[in-house]
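Undergrad: I would like to see how this sequence folds:
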Amino acid sequence: MVRAALAFLTVLGRAHAPEPSALRWFGPVGLALGLVLGALWWSAGEVLALPVAAGVVVAADLALTGMLHLDGLADSGDGLLAPMPRDRRLEVMRLADVGAFGVAVVVVVLGLRWAALAAQPARPLLLGGLWAGSRAAMCAAMAALPYARVGGGLASSFLDRRPAVLGAVLGAVLAVVALAGCGRVGWSALVGLVVGAGCVLALARRRVGGYTGDVLGAAGLVGETVGLVVASGWTA
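TA: As a prediction, this is how the structure comes out:
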């Protein structure tokens, strides 16, 4: 249900236990979140310098999502990139502290998001499409890849292939429609999103055998970031 998706993906709404039926609403919630951030991007750019407006958008995104995906990115950086035996990777991703690889990945991704937003005019549909598409990528991963963590984790609450497929399809449709409104910039960003998220998921499949909740968050953030960077290239 939409309330469960809203509560899981954002800090809005009342706390709600994760459930598979929420997956079909991942795309719409992502679209709405992206459009809100896009409107903020446009309005902040009218009264602030572009670099400052970009920083406001990055901060607002972190605030609205409760940094859930950023936490997953940091954990994935430590677990997927650091040199270690395969059986240690999932254990490292469970740890509360963040290592050098996690810190480095977070700094790079946030820096690229800020720079990409600051380098181009405000495009609310771009953010709406990328944010919907990143949630579609999460659902696609849950539909196509095995769950890697034995004993369960946060993402284990969504282990149901049918709503994951529905969520992936609906999110992809919303992403395509929104990004089509940006013309070639949007289509290029879509390719960047797919490549970015796909690389993270492929790495996770190879190194831990599938996805975890942390991997989903990392894939979504990296996909959005690559999409933004590609889009900014049209104004370089």
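Undergrad: List the residues that contact Pro124.
TA: By Cβ atoms under 8 Å, 6 or more residues apart in numbering, the contact set of Pro124 is Gly34, Leu35, Gly38, Ala39, Trp41, Trp42. All C-beta spots, glycine's among them, are computed from the backbone N, C-alpha and C.
Undergrad: Check Ala204 too.
TA: Listed by Cβ under 8 Å, 6+ apart, the contact set of Ala204 reads Ser76, Leu80, Leu145, Ala148, Gly210, Tyr211, Thr212, Val215, Ala219.
Undergrad: mind checking which helix or strand it is in?
TA: When secondary structure is defined by DSSP states H and E, Ala204 falls within helix 184-208.
Undergrad: Follow the chain on from that helix and name the next helix or strand.
TA: Sequence order places helix 213-232 as the next helix or strand after helix 184-208, per DSSP H and E.
Undergrad: can you give me the angle that next one makes with helix 184-208?
TA: If you take axes from the mean of the first three to the mean of the last three Cα atoms, to 10 degrees, helix 213-232 sits at 150 degrees to helix 184-208.
Undergrad: From the contact counts, what lies against helix 213-232?
TA: Helix 213-232 sits against helix 68-76, helix 100-118, helix 124-144, helix 184-208, with contacts defined as 3 or more Cβ pairs under 8 Å, 6 or more residues apart in numbering; DSSP states H and E.
Undergrad: sorry, back to before: report the rounded mean pLDDT for the helix holding Ala204.
TA: Along helix 184-208, the predicted confidence averages to a pLDDT of 97.
Undergrad: tell me how far that helix is from the chain's mean position?
TA: Relative to the mean C-alpha coordinate of its chain, helix 184-208 is positioned 11 Å out (Cα atoms, centre = their mean, to the nearest Å).
Undergrad: quick revisit: going by neighbour count, which of the contacts of Pro124 comes out on top?
TA: Comparing the contacts of Pro124 by number of neighbours (other Cβ atoms under 10 Å), Gly34 comes first, having 28 neighbours.
Undergrad: pLDDT value on Ala231, please?
TA: Ala231 carries a pLDDT score of 97 in this model.
Undergrad: What's the local residue count around it?
TA: The tally of other residues near Ala231 (other Cβ under 10 Å) stands at 29.
Undergrad: Could you pull up the residues touching Leu216?
TA: Per Cβ under 8 Å, 6+ apart, neighbours of Leu216: Gly72, Met138, Ala141, Met142, Ala155.
Undergrad: one more time with 10 Å, if that's ok
TA: 68-69, 72, 76, 134-135, 137-139, 141-142, 145, 154-155, 158, 197, 200-201, 204 (Cβ atoms under 10 Å, 6 or more residues apart in numbering).
Undergrad: how near is the nearest residue to Val105 once chain neighbours are set aside to Met93?
TA: In space, not counting the residues next to it along the chain, Val105 is nearest to Gly77; the distance is 3.4 Å by Cβ to Cβ, 6 or more residues apart in numbering. In this structure, Gly77 and Met93 are separated by 9 Å, where distance is defined by Cβ to Cβ, to the nearest Å.
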